[in-house]
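Peer 1: one predicted model, sequence on top.
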Amino acid sequence: MVMACRVISKRRHVGLQQLSSFAETGRTFLGPVKSSKFVIDEECHESVLISSTVRLLENLDLTSAVGQLLNEAVQAQNNTYRTGTSTLLCLVGAWSSAAEECLHLGVPISLIVSVMSEGLNSCIEEIVSLQVPIQNVFDCIDSTKTFSGLETLNVSLYPFLQIPSDTGLMQKKHDLKDVASQSLAIYSLPGRPVKSPKLFGPQAKVEADKNTSQTPQTLGNSLPADTRCRRSVLTHSRHFSRTDNNQRISKPDGFLEQHSAATLKTYRCNDLLELEVGLSHGDHSSMKLVDEAVRLQYQNAGVQQGGRTVPFLFDISGIFTCCLPGLPETLSCVCPGYVTVVSISRTALIEELQKQPIRVVLVEGDLTENYRHLGFNKPANIKTVSESMKVEPDSSEELWTNHVLQVLIKFSVNLVLSQGNVSERLIDKCTHSKRLVVGSVNGSVMQAFAEASGAVQVAYITQVNENCVGSGVCVTFWRSIPFDAVDQTSRVAILLKTEGMNLVTVVLTSPVAAQMQTKEDRFWACAYRLHHALKEQKVLRGGGAVELLCLSHLQILAEQSLNKGNQDSSGWFHNTSSWLASSLALYRPTVLKCLADGWHRYLSTLLCNTASYSSEFEANTFIQHHLQNAADSGSPSSYILNEYSKLKSGIFNSGISNKLEQIPSVYDIVTPKIEAWRRALDLVLLVLQTDSEIITGLGRTQIKSQDSEDFLFL
Amino acid sequence: MMSRVEAKKPSSCESEPLTSERVRVTLSVLKGVVTSCYGPAGRLKQLHNGRGGSVRTTSQSAALLAGLPVSHPVLKMLAASVQNHVSCFSDCGLFTTILCCNLVENVQRIGLPPTTVIKLNKHLLSLCTSYLTSEACGCRIPVDFSCTQILLCLVRSILTSKPACMLTRKEIDHVSTLILRVFLLTIPENTKDRIILGKSVIIPLKGQRVTDSTVLPGILIEIPEVQLMKILPIKKSDSFKVALFCASLSGDLSDTGEGTLVVSYGVSLENAVLDQLLNLGRQLVSDHVDLVMCQKVIHPSLKQFLRTHGVTAIDRVGVALMEPLSKATGTQPIGSLASISPSSYGSVKDLGTAKFGSKHFFHLIPNEATVCSLLLCSRNDTAWDELKLTSQTALHALQLTIREPCVLLGGGCTETHLAAYIRHKTRSEPESILQDSSCTQTELQLITEAFCGALESVAGSLEHDGGEMLTDGTYGHFWSAQADSSSVVNWPDLLSRCGCGLHSCRGELGLSFLRSPRPPFSPLTCLPPQEAAGAANNLTLDCFTAKLSGLQVAVETANLILDLSYVIEDKN
């Protein structure tokens, strides 16, 4: 065995360069407008359509060590929060270039590590001022005000919602006809909308006003009659001062610690719809489904508890998706209960079972003769001999099937749900005796059935006794006309439900099978964003506002440390006895500047992706403009808050009508976003500190065929 | 079929292996790898198999040496003795490796006969050990267990020295406190003449924030949510009777051996085993057992049987938890399905469930609380692996400190101080050594220089960014300064504190470059008390036992390597 040891950083840091080039592949996934990609396997000519970072990395061949670490970080983010992976990837790219820049400037590695990580900490503390508390969003939930009502508006105003509404960006309004056709085309055409929305700065406000006033009737028509009582998005805290006092005391994490002018205003989000639109990040069709699912859960909870004394919690584990490729887009919907597909040949059976509630058995594993529970080792050397010649070779499965059927008959069970595979023979037999067997049922679905029907999950059918059998399950077709819902593989969708079951199925349909995965991913992205927001009871100003604040904060910090010198940097380096601690002040401004450049790069990618700027140069000018303003204002956070609200007031004053107050804020979730930042920086710093790769188990000859001069051998 | 017989290859014999170029090069590559890992500013290594296996980012000797399949017997010997040291003491593996490489390298340069070198090395080593273990030792601080400051510094130093853990200062403080708490929880309350420490279990919670890590008394067993639903609600009681199985209860046929087992039609071996399991279940129920735990799998039917009789069953506990479980509950793990002796049962005080992150846990609270669980969180896998190993090292260092209640100064100060002491000692009183080893004064001076140079080189390995390394002529401590500042005369302006953080740079310390020759002096051994108290919050410390052993292992291994005259390898 030979150990090979490759020195990573000689002059240029190969690891960091690899990171930036990997990150480059995913930059188009940042922001609300995501361009899809085809990943093509050159060998077997298969291709996959993807439009998210996770799917991209899943389909790339990342065999290098750095690639694997990147994949690991993205997977970890995805598994924990199901969101924030594009942010992570983009920041990995931005900060690995920043770290490389620091290396070029001769900053010692340990100093880059500690200043960058303390710098990010400082940013994270700073953005608390852009947090928006969420309060009692379920208090004013009512059935008359639904997402679908707003959706007509949103669809027609689609480009508005692309606004990265960080800094008072104004939205140029296109001809509405054009807009409507775009939004129709959005799902059938992968990639960017044909005509991308155009953004420009406040200086062009007049033009925007002109544009909108040109088409007042069209706009008016496209709006639903605004009979709904919407609360104002902005709320002055003094109006709530009585009720808010307690809140201030009980929440010491600093929502209200805003500077100067901003202290007068406390923003709250207490409207579910507003929150959902803000978190949809432009994907309204998915968020609409999430909204419906939440409302269904809310209704269920109300029914179950009778009164509504217990605060309602959005339970994401009670949501299940069922994908039906080949069906028209319009059939996507949310149903209470469990929707799944069965072979079309069982239509008659379903019709039969529809008549009355039936009893159910839940099987944890496969429902086959040979299935044994996990951890059971079947010895291979046992041979069964028979004394008579009567027994047929395949009789054992026959016997088993009969036995299962007997049990089902004994307990009058008409429905069996199995988490694993089900023997074909058993399915046939059961169909004949009017019993439905469904395989490959998701674990959380099983759990929901167990809770609602009183069934206890078993591993083997022999375990079934009266206590294990659940009751009261209703079987129907998903659509009233069953053949409406036949998918590509001639399976028909059915709906199973029980009284009081905490399960909502979101049925996703798409005529283009290749888009199914994307649709499902996007639905879950929206659902998890709402889940985290409600769980944390707070959101961040979205659309680039927090990133702009971080950028501005770091620049100010860099400037301060340049002026003040060594004074406040003592706490920034853990190893105070090293010379590095004393030379920290020398390098700190440089490193902070590079870290800020990373944010800059991130923001300009975001702006370029939303197609508001044709070139990176334009985007940079725009960012620079606001940065300057923010710095001049003395309090960047209040500047950004003000610009944020100007977006709305700009629309208010546009002379159309105040109906346009619905132009929603863009929100972002707090912890998942911050964790994505940390993860990105951790990965970059980990790679930065790595100086060699040790490859174990490769023979000297195997390496020689590659680039052997880089290797040292032991 | 023809069998192919190959002639045996002759064994190879290499004489004077140390003189060969190959050994020299590989030794220096190894030294380069470990040296670059050393200390808080050390560089990390990515260990992987080059074929898409998992990537381990590390700077720990335990992980490095386990992953290095070294080729030459000399290196194998070195790796084996360091690994042996690490398995006993966890800490100071890199120190040992670097020191050993340095010694071999320095001595080779001199070219004295190995026997003289070995003899003198032994003498110098015994000088070191007797100094370090004596009361007069100036680089040793006694540990007062009634005060946590020194212990926290020790843990913090160990965590800080492994940058791949990716901890911020806040996180280091948090984890250090947790580790100290774990350590304190494992100390029994009522001790007579000897302490038997309890057990701690580290439970992974990857993907979460490090600051979400926590310590809980008792044992946490991760179980899937579905299973948790089945065992709920747990009945209330003052005490729960526990049975712990290490045998599988999955209904497997116990080893059927070679050959074929012939069974006549209609006989089901599986059912026979299941019957046996259910009999066992009946016995457990009649013995009023409340909780059955199994290292492996419990047959679903047996679980169902137990559940219907109000017995909680937890399976797939895993081998790692068996010892702590047995200790916490006082059970004898049961290894057979035959009848159970009542003495095997144990008990726990309370049972509960807990949820951390997305994971569900079954929580056992034992009667005697010297068993605890450390839930360790980290954002990514590779940092978690490193954090786990480092936490274990820190915990082990604390345990070793009970045995020998003192710590050594870290940050390179012990090495430079020790070198200064040895230089002074061999200069001022060489007689005893000269008499004993029958060598000349010059030989002694040469070897002393090689030995002390090797020690100082270890301290110098802490520097990775081209800084200047200094040592003072008063305490013999280690200092670092920015490189291009050699023209600056006034050192106090430039230096803040010495490597361990005990002394600040004021007054005339007599600073000189580490690699430059200096007159021997007797390093001051007394620590100014007010200074020690003032700096105690932020000292860099090393585990005494581990470092002392590391020193011994390094010198002895170097002697062994120097003593090699032939390597005979069987090439078959």
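Peer 2: Sure thing, it's come through.
Peer 1: give me the residue at the spatial middle of the chain.
Peer 2: Answering for chain A, as no chain was given. Nearest to the mean C-alpha position of chain A, by C-alpha atoms, centre = their mean, lies residue A:525 at 2.6 Å.
Peer 1: oops, chain B please
Peer 2: By C-alpha atoms, centre = their mean, the most central residue of chain B is residue B:90, 2.2 Å off.
Peer 1: contact partners for residue B:362?
Peer 2: Each residue near residue B:362 by C-beta atoms under 8 Å, 6 or more residues apart in numbering or on different chains is listed here: B:220-223, B:228, B:231, B:314, B:351-353. Where C-beta positions appear, they are placed from N, C-alpha and C, glycine not excepted.
Peer 1: quick check: chain neighbours aside, which residue is closest to residue B:224?
Peer 2: Closest residue to residue B:224 apart from its sequence neighbours, by C-beta to C-beta, 6 or more residues apart in numbering or on different chains: residue B:360 at 7.1 Å.
Peer 1: helix, strand, or coil at the closest residue to chain A within the stretch 351-500 of chain B?
Peer 2: Per C-beta to the nearest C-beta, residue B:465 is where the stretch 351-500 of chain B lies closest to chain A, at 3.7 Å. Secondary structure, DSSP: H, G, I helix; E, B strand; the rest coil: residue B:465 is coil.
Peer 1: one step back: am I right that the residue nearest to residue B:224 sits in a strand?
Peer 2: Yes. Counting by three-state DSSP, residue B:360 is part of a strand.
Peer 1: lowest-pLDDT helix or strand in the chain?
Peer 2: Assuming you mean chain A. In chain A, no helix or strand scores lower on mean pLDDT, DSSP states H and E than strand A:199-200, which sits at a mean of 29.
Peer 1: wait, chain B
Peer 2: The helix or strand of chain B with the lowest confidence, counting by mean pLDDT, DSSP H and E, is helix B:529-535 at a mean of 53.
Peer 1: and the next helix or strand after that one, how far out from the chain middle?
Peer 2: Once the chain leaves helix B:529-535, the next helix or strand it forms, by DSSP states H and E, is strand B:541-543. Remark: strand B:541-543 is offset 13 Å from the chain centroid, using C-alpha atoms, centre = their mean, to the nearest Å.
Peer 1: so where's the stretch 451-600 of chain A uncertain?
Peer 2: For the stretch 451-600 of chain A, the stretches with pLDDT under 70 are A:482-485, A:488, A:564-577.
Peer 1: going along the chain, name the helices of the stretch 301-450 of chain B.
Peer 2: Secondary structure of the stretch 301-450 of chain B (DSSP state H, counting those that start in this stretch): helices at B:322-329, B:381-403, B:413-428, B:431-437, B:441-460.
Peer 1: ugh, wrong one, I meant the stretch 51-200 of chain B
Peer 2: Under DSSP H, counting those that start in this stretch, the stretch 51-200 of chain B gives helices at B:61-67, B:73-89, B:93-110, B:114-133, B:149-160, B:169-185.
Peer 1: tabulate the ones you listed (TSV), appending distance to residue B:515, mean pLDDT and mean neighbour count.
Peer 2: Compiled in TSV, the helices of the stretch 51-200 of chain B are given as follows (distance: least, C-beta to C-beta, whole Å; pLDDT from 0 to 100; neighbours: other C-beta atoms under 10 Å in any protein chain shown):
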stretch	distance to residue B:515	mean pLDDT	mean neighbour count
helix B:61-67	25	89	21
helix B:73-89	25	94	19
helix B:93-110	13	94	24
helix B:114-133	20	94	18
helix B:149-160	25	94	23
helix B:169-185	32	94	20
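Peer 1: I'd like those as CSV, with distance to chain A appended.
Peer 2: Below are these laid out as CSV (distance: least, C-beta to the nearest C-beta, whole Å):
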stretch, distance to chain A
helix B:61-67, 5
helix B:73-89, 6
helix B:93-110, 13
helix B:114-133, 22
helix B:149-160, 6
helix B:169-185, 5
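Peer 1: so which of the ones you listed gets nearest residue B:18?
Peer 2: Across these, residue B:18 has its closest neighbour in helix B:93-110 (6.4 Å, C-beta to C-beta).
Peer 1: tell me the contacts of the closest residue to chain B within the stretch 301-450 of chain A?
Peer 2: Per C-beta to the nearest C-beta, residue A:375 is where the stretch 301-450 of chain A lies closest to chain B, at 2.9 Å. Listed by C-beta under 8 Å, 6+ apart, the contact set of residue A:375 reads B:248, B:250, B:296-297, B:315-316.
Peer 1: helix/strand/coil for it?
Peer 2: At residue A:375, secondary structure determined by three-state DSSP is coil.
Peer 1: you'd agree residue A:341 is in a helix?
Peer 2: No. In this structure, residue A:341 is strand, not part of a helix, as judged by three-state DSSP.
Peer 1: give me the nearest residue to it, chain neighbours excluded.
Peer 2: residue A:491 (3.9 Å).
Peer 1: in this structure that neighbour contacts residue A:344, no?
Peer 2: Yes. Residue A:491 is within contact range of residue A:344, at 6.3 Å (criterion: C-beta atoms under 8 Å).
Peer 1: the two - which one has more neighbours?
Peer 2: residue A:491 (17 against 14; other C-beta atoms under 10 Å in any protein chain shown).
Peer 1: re the thing from before, list the beta-bridge partners for the residue nearest to residue B:224.
Peer 2: residue B:355 (DSSP bridges).
Peer 1: ok, and for the lengthiest helix in chain A, which residues are buried?
Peer 2: Using DSSP state H to define each element, chain A has its longest helix at helix A:584-609. By 16 or more other C-beta atoms under 10 Å in any protein chain shown, the buried positions in helix A:584-609 come out as A:584-585, A:587-609.
Peer 1: hang on, the earlier thing: what's the PyMOL line that selects buried ones from the contacts of residue B:362?
Peer 2: If you want just the buried ones from the contacts of residue B:362 in PyMOL, going by 16+ other C-beta under 10 Å, the selection is:
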select buried, chain B and resi 220+221+222+223+228+231+314+351
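Peer 1: now, the contacts of residue B:362 that are in strands?
Peer 2: B:220-222, B:314, B:351-353 (DSSP state E).
Peer 1: would you list the residues you listed in TSV and tack on distance to residue A:548?
Peer 2: Shown next, in TSV, are the ones in strands among the contacts of residue B:362 (distance: C-beta to C-beta, whole Å):
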residue	distance to residue A:548
B:220	43
B:221	47
B:222	42
B:314	51
B:351	51
B:352	47
B:353	44
